[in-house]
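Trainee: Build me a model from this:
(one chain, ligands or ions: 1)
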Amino acid sequence: MEKSDMTNERFIRYYQKQGILPDAGEFEEMLDAFRRHLPTTFRVAGSRQTVHTLNKTITDVHVPSLSDVTFEGEKIPPPVQIPWYPEGYAWQFNVPKKVLRKQPEFKKFHSFLVFETEVGNISRQESVSMVPPLFLDVQPHHKVMDMCAAPGSKTAQLLEALHSADTATSTSIPSGLLIANDSDHKRTHLLIHQSARLPSPALMVTNLDASSYPLIKVPNPAIGKMGSLAFDRILCDVPCSGDGTMRKNMGIWKSWQPMDGNGLHSLQLRILQRAMRMLEKNGRIVYSTCSLNPVENEAVIAAALNLYPDFELVDVSNTLPMLKRMPGLSKWTMSVDRTATQFFETHEELMASSLDQNTKNRFLKTQWAPENIGDLNIERCMRIYPHLQDTGGFFVAVLERKKKEPAPSRKRTNPEAEAEEVPEAKRTKVDAAAPAVPAPEAISTAPSIESAMDTTEDSVHSPAGPSTPKDVPVTSANDKDTGKGKEFREDPYTYLPDNHPLLKTCLERLQIIPSFPSQNVLVRNTLTDSTSNSIRSFYISNDLVKAVITNNDYQKLRLTAAGTKVFTKQEAGKGLEAQYRVLGEGLPVVLPFVKPDAVLKGSLATLKTFLESYYPLVRTFEEEFRIQIDESSTGSLIVRFPPEEKGGATLTHDLYLPIWKSNVSLSLMIDKKAKSALSLRLFHEDFLLKATNKKRTDNVPAEPTESETPPIVAEADG
Ligand SMILES: C[S@@+](CC[C@H](N)C(=O)[O-])C[C@H]1O[C@@H](n2cnc3c(N)ncnc32)[C@H](O)[C@@H]1O
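Mentor: As a prediction, this is how the structure comes out:
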C-alpha cells in the first residue's frame, strides 16, 4: 500500500475530536508511526531453563554475528531486546525481507527463528500483544480463564506462566487450570494447534460464547457439596474493531468508520461482566483490545465498574516501568453515523435530537462517559500508541475487587443500570445458559478450585472476526459463531479405572513407576467392552481438569480438547504385536515417572547418527550405545543425551528423546521440523535436509528397504 493511501478522513476527524493525544503535533507523530512498517517481534518461550539457554544463544551467538552487517551499501541494525519485557526474553528487529532472504548472516538467523518457532521455543508475537498476560501475573496454582483466546498467542503466555516450575527436560503438573475459550469453532482449532507446542495436563479448550459462559460445577471439600468454579485470573482480550493494528492490517485504513467500535461495545461489556461474575474473591481481570476507540475501552470499563461497584481499577504504574503508556481518557464524544460527522456529547443530547427513534435505539447510555467518571480512576487504564515505542496500538485495564468497602462517592450512577443498559433479553439468555448465576459476593465464597515467522500471528489482532456484527449494537450472542444450535461432534472424555488392563500393560512395558498418576488417565471414547481393547491413545490431566470433566457435561461445555496425549498405539508390522509408545509431546510429562535405569544413554555422536538419516541401522551406532540397544527389547525407548561439547557442537543440558527400535534399525520419534531445529541448534547445519538432498542426488529410494523400515514413519507424532 502506498503511503498516500494510508489516510482516512473519518479516522482522523474522529480521533482528533476524542483528544486522545495532548497536542496536534503528537497526533501527527502517531499517524506517521501508523504508516510505518511494523518491526518483527518475538519472544523466547518454554520452560525457564530452555528460555535462558536459547536467549543466551541469541545474545552470545546471533547478535554479535549480526552486529556489523551491511547490505547493498546500507548498515543493517541487529535485533535488540524489547526494553520493557521481563528478563530481556523478547526481541525486535526491522529489516527488509530481501535482507532475510539474501544476506548470509540474517538468512541463518531467519532459519534459526523459523525452526525454533516450529518447535515452540520461539513465539512470534506482536510486542503489544505480549502485554496483557504480563499484567495478569499467573502462578502455577491459579485457575485461569482466557475468555476470547484464539488464535492463542496470549494463551501460550498464560500456559507458560502456569508451567513456570517446568525444567528443561520435564513438565510439571501444575495444580491450577487454564480454560482457553473462543466462540468461533474453527478458531478453537488454531488454539489447539498453538497450545500443542506446550502440552499441558492443566489445559482445557472450550467453544462457547464468553458473554454467557456457564457455571462449572466442582466438588467443594470444605462444605462437602458441589460448588461452582471461580477463577483467580481472567483474561478478556475481547473482539474489537482492531484499529490499533493498522500497521499490519492495512485494509483498516480504507474501511475504518466509527460504527465498527459502536457495534462491539455491548458484547465487550457483557463479556467483561461475565468475567466479573466468575472471578474468585481475590482474583484479577485483565481487559484488553487492539483498538484506540474509547467506546470499546474506557466506556466498557466505566460501565462495568458502575455495575459492579465492588471492583476497582488497579494502579499498575510501577509494573513494567519501561513500557511507555498514556492514561485512560475521562472524556470522549460519540459519533452516531458512518461518516464521523455527527457527534453527541451525551446520551441525553442524542435522545433530545431530531434523529429517528430507530437510530436512537441503536445506542446504549453506557457508550458515553458516566457522570461519575471522575470517581473511577479511569486514568489507571493504559493506552499504548504506535509512536511511543514503535509498536501497534493497544488498550489494557487491570481490575480487581476492592480491598475496602466502596467509597460513598462510588455509587452506581443508575441503580437499574444493568437492566436498563444491557438489554434484558441478553441477561435472560445468560441466566438460562448459566443457571442461578450467583451475585458476585456469592461466587467469591465459592470453593477455591509465520513461512512460520511471517504468518504465525497475523490473525491475532484481526478485527473482531466473523462474529462481529457491524453497525448495530450487539444485542445477543451470534448463534452462528458461538456454536449454539450447532451440532457438537467431539468424542467423549473418559477417565479409566487406574487398574485398567491395557493401561497397566502399557505402563509396565514402558517401565513407568507406580507413582505415575494413572487415576488421571483419560481416553477419547466411551468404554464399552468392544472399545476397551482398542484404545488408541492415552491422555493425562491434572486433578482439577478431572474434577471439571467428571462433574460437568462435556457437550454443554463444548469441550474441544483437554489434557496431554502421552502414549499412543503403534502397529508393529507383520507378525509383531502392537505396542504403545511414548509420544514426543508427552515425554516431558511422563519422564519424571520413567524408571531411571530404563533410560538409555547416548552421546552427541549418537544423536548425529540419528539426525543424519531417518532409519539408521543399529550397526552404524558407536559401540557403547549399540550394547545398550542390543540389551533392549524392540519398541518404544527413551534416550538421555548428557551435556557435552565436541567438534564445535554443544549440548548444554540433558536432552531426552523418544526412539523406536525395530529389528535392525532405530528411529528418532520426533517430527521432521523438530529434528531440523535440533540439528541446526546443536550442529549448526540441517543434517536432515542434507540426507534428503543426498538421497535425491544419489537416486537412492526415498524410503529404506522393507527389512530396515520400522513399522512407523518417523514423523508419526501428533
Ligand atoms: C482479539 S481476538 C483474541 C486474540 C487472542 N486473545 C490471542 O492473543 O491470540 C478476539 C477473539 O474473540 C473471539 N470472539 C468473538 N466473539 C466472542 C464471544 N462472544 N465469545 C468468545 N469469543 C469471542 C473471536 O473469535 C476472536 O478469536
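
Trainee: Next one, pLDDT for residue 394 please.
Mentor: Listed pLDDT for residue 394 reads 98.

Trainee: In contact with it, which residues?
Mentor: 128, 129, 131, 244, 288, 289, 290, 382, 383, 384 (CB atoms under 8 Å, 6 or more residues apart in numbering). Quick note: C-beta positions are derived from backbone N, CA and C, even for glycine.

Trainee: 6 Å instead?
Mentor: Residues near residue 394 by CB atoms under 6 Å, 6 or more residues apart in numbering: 128, 244, 290, 384.

Trainee: just residue 345 next, same as before
Mentor: Counted by CB under 6 Å, 6+ apart, residue 345 has contacts residue 333.

Trainee: Distance-wise, check it relative to the ligand.
Mentor: 30 Å (CB to the nearest ligand atom, to the nearest Å).

Trainee: coming back round to it: now, which of the contacts of residue 394 lie within strands?
Mentor: Using DSSP state E, residue 384 are the members of these that sit in strands.

Trainee: with the contacts of residue 394 in mind, which one is nearest to the ligand?
Mentor: Taking CB to the nearest ligand atom as the measure, the ligand lies nearest residue 290 of those, at 6.3 Å.

Trainee: Isn't that closest one up against residue 242?
Mentor: Yes. Between residue 290 and residue 242 there is a contact under CB atoms under 6 Å: 5.3 Å.

Trainee: start to end distance for stretch 512-527?
Mentor: With CA to CA, to the nearest Å as the measure, stretch 512-527 spans 23 Å from end to end.

Trainee: got it, and stretch 199-215?
Mentor: Stretch 199-215: ends 26 Å apart by CA to CA.

Trainee: Begin at 681 from now on, thanks
Mentor: Okay, using 681 as the starting number, the last item reads as stretch 879-895.

Trainee: Would you map the strands across the stretch 1231-1380 of the chain?
Mentor: 1239-1242, 1244-1250, 1259-1262, 1279-1281, 1315-1321, 1324-1326, 1329-1331, 1335-1341, 1346-1348 (DSSP state E, counting those that start in this stretch).

Trainee: mean pLDDT lowest for which of these?
Mentor: strand 1329-1331 has the lowest average pLDDT among those, namely a mean of 87.

Trainee: Which positions in that one come out as buried?
Mentor: For strand 1329-1331, the neighbour count (16 or more other CB atoms under 10 Å) marks 1329, 1331 as buried.

Trainee: name the helices or strands packed onto it?
Mentor: Contacting strand 1329-1331 under the criterion 3 or more CB pairs under 6 Å, 6 or more residues apart in numbering; DSSP states H and E is no other helix or strand.

Trainee: Excluding covalently adjacent residues, which one is nearest to residue 696?
Mentor: Closest residue to residue 696 apart from its sequence neighbours, by CB to CB, 6 or more residues apart in numbering: residue 707 at 6.4 Å.

Trainee: Over to residue 1283?
Mentor: residue 1324 (6.3 Å).

Trainee: Correct me if wrong: that neighbour contacts residue 1286.
Mentor: No. The pair residue 1324 / residue 1286 is not scored as a contact, 10.3 Å apart, by CB under 6 Å.

Trainee: If you count surrounding residues, which of those two has more?
Mentor: Taking other CB atoms under 10 Å, residue 1324 and residue 1286 do not tie; residue 1286 has more neighbours (23 against 16).

Trainee: which residues sit in contact with that one?
Mentor: Residue 1286 touches residue 1305, counting by CB under 6 Å, 6+ apart.

Trainee: That one and the ligand: what is the separation?
Mentor: For residue 1286, the distance to the ligand - CB to the nearest ligand atom - is 39 Å.

Trainee: Let's see the pLDDT reported for that residue.
Mentor: Reading off the model, residue 1286 has pLDDT 97.

Trainee: Which residues of the stretch 931-1080 of the chain lie near the ligand?
Mentor: residue 947 (CB under 6 Å from any ligand atom).

Trainee: Please, where are all the strands along the stretch 931-1080 of the chain?
Mentor: Using DSSP E, counting those that start in this stretch, strands in the stretch 931-1080 of the chain cover 959-969, 991-993, 1006-1007, 1014-1015, 1023-1024, 1062-1064, 1074-1081.

Trainee: got the contacts of residue 1074 as a markdown table, with pLDDT and distance to residue 990 columns?
Mentor: Formatted as a markdown table, the contacts of residue 1074 follow (pLDDT from 0 to 100; distance: CB to CB, whole Å):
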| residue | pLDDT | distance to residue 990 |
| --- | --- | --- |
| 808 | 98 | 30 |
| 924 | 98 | 30 |
| 970 | 98 | 29 |
| 1064 | 98 | 28 |
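
Trainee: Quick check: the two most widely separated of the contacts of residue 1074?
Mentor: Across these, the longest distance by CB to CB is 9.5 Å; it joins 970 and 1064.

Trainee: Next, residue 1043: phi, psi?
Mentor: phi -110, psi 150 (degrees, to the nearest 10).

Trainee: Residue 1188: neighbour count?
Mentor: Quick note: residue 1188 (other CB under 10 Å) scores 9 neighbours.

Trainee: one step back: of residue 970 and residue 1064, which one has the most company?
Mentor: Per other CB under 10 Å, whichever of residue 970 and residue 1064 has more neighbours is residue 970, with 28 against 23.

Trainee: Identify the residues contacting residue 800.
Mentor: When contacts are counted by CB under 6 Å, 6+ apart, residue 800 touches residue 877.

Trainee: would you say it is within a helix?
Mentor: No. Using DSSP: H, G, I helix; E, B strand; the rest coil, the assignment for residue 800 is coil, not a helix.

Trainee: Quick check: closest non-adjacent residue to residue 808.
Mentor: Using CB to CB, 6+ apart, the nearest residue to residue 808 is residue 1074, at 4.0 Å.

Trainee: If that neighbour is in a bridge, with which residues?
Mentor: With DSSP bridges as the criterion, residue 1074 is bridged to residue 1064.

Trainee: tell me how far the helix or strand harbouring residue 1185 is from the chain's mean position?
Mentor: In the assignment (DSSP states H and E), residue 1185 maps to helix 1181-1189. Put simply, helix 1181-1189 sits 34 Å off its chain's centre (CA atoms, centre = their mean, to the nearest Å).

Trainee: for stretch 851-864, the distance to its chain's centre please.
Mentor: 10 Å.

Trainee: Report the separation between the two terminal residues of it.
Mentor: OK, stretch 851-864 end separation, CA to CA: 30 Å.

Trainee: if we look at that stretch, which residues are touching it?
Mentor: 820-827, 829-830, 835, 838-839, 842, 845-846, 868, 871, 881-886, 888-890, 1145, 1161-1162, 1222, 1224, 1268-1269.

Trainee: Now do the buried residues in it.
Mentor: Buried residues in stretch 851-864 (16+ other CB under 10 Å): 851-864.

Trainee: Now that residue 802 has come up, it's in contact with residue 792, right?
Mentor: No. Applying CB under 6 Å, one finds residue 802 not in contact with residue 792, separated by 8.6 Å.

Trainee: quick one, which of the two is more surrounded?
Mentor: For residue 802 versus residue 792, the count of surrounding residues by other CB under 10 Å is larger for residue 802: 27 against 21.

Trainee: quick one on the thing from earlier: any idea which element the residue nearest to residue 696 lies in?
Mentor: Going by DSSP H and E, residue 707 is part of helix 704-714.

Trainee: before we move on, the earlier item: from the contacts of residue 1074, pick the one nearest residue 930.
Mentor: For the contacts of residue 1074, the nearest to residue 930 is residue 924 (13.1 Å; CB to CB).

Trainee: contacting residues for that closest one?
Mentor: Applying CB under 6 Å, 6+ apart to residue 924 gives the contacts 970, 971, 972, 1072, 1073, 1074.

Trainee: roughly how far apart are the residue nearest to residue 808 and residue 971?
Mentor: 8 Å (CB to CB, to the nearest Å).
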